[in-house]
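Colleague: Build the 3D model from these lines:
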Amino acid sequence: MLLMAFYFTSPEKKGMIGKTEEKKKGFVTKQLGWSNELPLSEVMRVKNILGLTINDVMVACVNGGVKRYLESRNPNRNLDSHFVWGIPTSLRSSKDFEMSNQSSGYSLSIPTRESDPVKRAREVNFRMSLLKRSIEPFGLFNMLRWLMFPWALPRGEDTYKQALRTYGAITNVPGATSKTAFGTTFVERMYGIMMSPPNAISCAISSYGDVIYICMQTDLDPSLSVDNKEECFGPTMADEICAGFEAEFWEMSAQCEKIGQGMVEDVARKVGMDVVKGRVDEIAAVKVDGAAKKKN
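Modeller: Reported below is the predicted structural model:
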């Protein structure tokens, strides 16, 4: 019910609106973009230093990528005070093996004013923690289960109006921890793709093997050229957001390098540098010994 209250009281977004009238019909051309692979070990290092989750880090970087894209369109573009995302979630318990879906979701609202990726990640963590303890997913699930029917779901111009309030949806698609194969052919990469309504975008955060990456889907306005740097939904929008996502992550990683160094120096001041150096050498020796045994 909180989702309904938010929907009917939230202002329409201004930062990312296309001008194609065909969008009101509910059928528009789409485009896809993929980021380069990020080492999962580096993502784990960043989230461990910050004390957050992988999802916190990735969602913060996606928000940063969208922010960079909108600001690159027009320096005077009026960004909204918040990015509003739909986050799908499952209400099924780990011991529930019934053959049915129990999918729901909640609205995650992230302030756009924050330019520091580390601070933004902590803001995402704080807001996600509150939402995970809220009744919003259960209220939405029961509303869809008992009060709505397929013919009552919004479509066409109603769908267009819904997208005036949300930027889109973000979900995670965990893959196999090692590469799978069809016969003797290994699958090099697996893509998660989530459909988005008109005037909105969708992002699937996928992991496969030892890497993590995103797939971004947006509208494609055929009337816009590559050289148009004013309007949204041009032919490079999905790729530009993915590039911004990568830039945000590596900026966050660089900050975490300094934070981690500061943590080591702080421990060194408390327990003595010789103790810290000895422990680091001990860990390094164990890793080298383990690698040698594995090689043999």
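
Colleague: The closest residue to I87 other than its chain neighbours pairs with what?
Modeller: Once flanking residues are discounted, I87 sits nearest to L108: 5.0 Å by CB to CB, 6 or more residues apart in numbering. Every C-beta, even on glycine, is put in place using the N, C-alpha and C of the backbone. L108 has these beta-bridge partners by DSSP bridges: W85.

Colleague: Thought F126 was touching L108, still the case?
Modeller: No. Between L108 and F126 there is no contact under CB atoms under 8 Å: 11.1 Å.

Colleague: Between the two, which is the more surrounded one?
Modeller: Comparing L108 with F126 by neighbour count (other CB atoms under 10 Å), the higher total belongs to L108, at 21 against 12.

Colleague: got the contact list for that one?
Modeller: 59, 84-87, 124, 127-128, 131, 170 (CB atoms under 8 Å, 6 or more residues apart in numbering).

Colleague: Against G260, how distant is it?
Modeller: According to CB to CB, to the nearest Å, L108 stands 28 Å off from G260.

Colleague: What of T185?
Modeller: Here T185 is placed at a distance of 40 Å from G260 (CB to CB).

Colleague: pLDDT score for the residue nearest to I87?
Modeller: In this model, L108 is scored at 83, pLDDT.

Colleague: quick revisit: now the two most distant members of the contacts of L108.
Modeller: G86 and V124 (14.8 Å; CB to CB).

Colleague: and the helix or strand that contains D239, average pLDDT?
Modeller: Taking DSSP states H and E as the definition, D239 sits inside helix 237-271. Mean pLDDT, computed over helix 237-271, is 86.

Colleague: Summarise which helices and strands that helix is packed against.
Modeller: With contacts taken as 3 or more CB pairs under 8 Å, 6 or more residues apart in numbering; DSSP states H and E, helix 237-271 sits against strand 30-34, helix 40-50, helix 54-73, helix 117-132, strand 211-219, helix 273-295.

Colleague: Using a markdown table, lay out the ones you listed together with distance to L79.
Modeller: Formatted as a markdown table, the entries for those read as follows, by distance: least, CB to CB, whole Å:
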| stretch | distance to L79 |
| --- | --- |
| strand 30-34 | 21 |
| helix 40-50 | 25 |
| helix 54-73 | 6 |
| helix 117-132 | 14 |
| strand 211-219 | 17 |
| helix 273-295 | 44 |
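
Colleague: that older thread, which of G86 and V124 has more residues huddled nearby?
Modeller: Shown here are G86 and V124; by other CB under 10 Å, V124 has more neighbours (24 against 21).

Colleague: For the chain, which helix or strand comes out least confident on mean pLDDT?
Modeller: Between all helices and strands in the chain, the lowest mean by mean pLDDT, DSSP states H and E belongs to helix 2-9, at a mean of 40.

Colleague: How confident was the prediction at R120?
Modeller: R120 carries a pLDDT value of 95.

Colleague: What is the burial count for it?
Modeller: The number of residues packed near R120 is 25, by other CB under 10 Å.

Colleague: Same question for M16.
Modeller: When neighbours are counted by other CB under 10 Å, M16 comes out with 24.

Colleague: Surely it and N74 touch.
Modeller: No. Contact status for M16 versus N74: not in contact, 11.7 Å apart, counting by CB under 8 Å.

Colleague: and stretch 71-89, which residues are buried?
Modeller: 73, 79-80, 82-87, 89 (16 or more other CB atoms under 10 Å).
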